[in-house]
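*Asks:* have a look; sequence and predicted model below, questions after that.
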Amino acid sequence: MLCGCGGSLEPELEFVGQEELLVAADGATSTLVSASMSPDIIVTDLDGKVEDQVEANAEGSVVFVHAHGDNRGAIERYAPAFEGALVGTCQCAPVSGLFNFGGFTDGDRAACILSELGVSHIRLAGFDFETPSEKSGRSSEAKARKLAWARRILGGLSRHGVRIEQVVDGSRAVPNR
């Protein structure tokens, strides 16, 4: 179960199976922690509530930290705080110690990582491709464009054999495009 931080995440958490691998895309970590759920994997570029990610990492969550053009300060500030397993990712040709699994947003990057790890079925919770959640200091138009790319990337994974289902009020729907 891959969790995004859309407004639908909290009610959709009731559909998480007991034995499912639980993956949080950045800000979804805080919703999971608030619900007393511990993600197995967190994929972040460190613009969510990093304290919750550090806490989950100390309790066993593997954290994939993404380096991009404008988060170097956050990496320098927060990376030393992570005590558990940490994997560095990037969107360019990786240098030693970094990996490029693909993806653009934290959510679709998490799906790409899962695909690379051999996961062939991904359920999405808290993904709202039509109504971007508000984020302080961020344009909703820019977020909508990012979500359009996320949908395209997820569609590409689907075309390459990864089954992707979106949890919507307990039903399942494959994101189109």
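*Replies:* Structure received. Numbers count the residues shown, from 1 in each chain.
*Asks:* and the helix or strand that contains E51, average pLDDT?
*Replies:* Here E51 is covered by helix 50-58, with elements defined by DSSP states H and E. For helix 50-58, the mean pLDDT works out to 98.
*Asks:* measure how buried the nearest residue to G161 once chain neighbours are set aside is and give me the count.
*Replies:* In space, and not counting its chain neighbours, G161 is closest to S120: 6.6 Å by CB to CB, 6 or more residues apart in numbering. Just so you know, the C-beta spots here come from the backbone N, C-alpha and C atoms, and that holds for glycine as well. Per other CB atoms under 10 Å, the neighbour tally for S120 reads 10.
*Asks:* middle-most residue in the protein, spatially?
*Replies:* Nearest to the mean C-alpha position of the chain, by CA atoms, centre = their mean, lies A25 at 2.1 Å.
*Asks:* elements contacting the helix holding E51?
*Replies:* In terms of contacts (3 or more CB pairs under 8 Å, 6 or more residues apart in numbering; DSSP states H and E), helix 50-58 is packed against helix 28-34, strand 41-44, strand 62-66, helix 72-78.
*Asks:* how about residues contacting it?
*Replies:* Taking contacts as CB atoms under 8 Å, 6 or more residues apart in numbering, the residues outside helix 50-58 that touch it are 24, 26, 29-30, 32-33, 38-39, 42, 44, 46, 61, 63, 74, 78, 81-86.
*Asks:* okay, buried residues for that helix please.
*Replies:* Within helix 50-58, the residues scored as buried using 16 or more other CB atoms under 10 Å are V50, D52, Q53, V54, E55, A56, N57.
*Asks:* and the residue of the chain positioned farthest from its centre, which helix or strand is it part of?
*Replies:* Residue farthest from the centre of the chain, counting by CA atoms, centre = their mean, is S96 at 23.3 Å. Assigned by DSSP H and E, S96 belongs to no helix or strand.
*Asks:* send me the helix holding E51 as CSV with only the CA atoms.
*Replies:* C-alpha atoms of helix 50-58 as CSV (Å, rounded to 0.1, in the frame of the first residue of the first chain):
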residue,chain,number,x,y,z
VAL,A,50,10.8,15.5,8.9
GLU,A,51,10.6,14.9,12.6
ASP,A,52,8.0,12.2,12.0
GLN,A,53,10.2,10.6,9.3
VAL,A,54,13.2,10.6,11.7
GLU,A,55,11.1,9.0,14.4
ALA,A,56,9.7,6.3,12.1
ASN,A,57,13.2,5.7,10.8
ALA,A,58,14.5,5.1,14.4
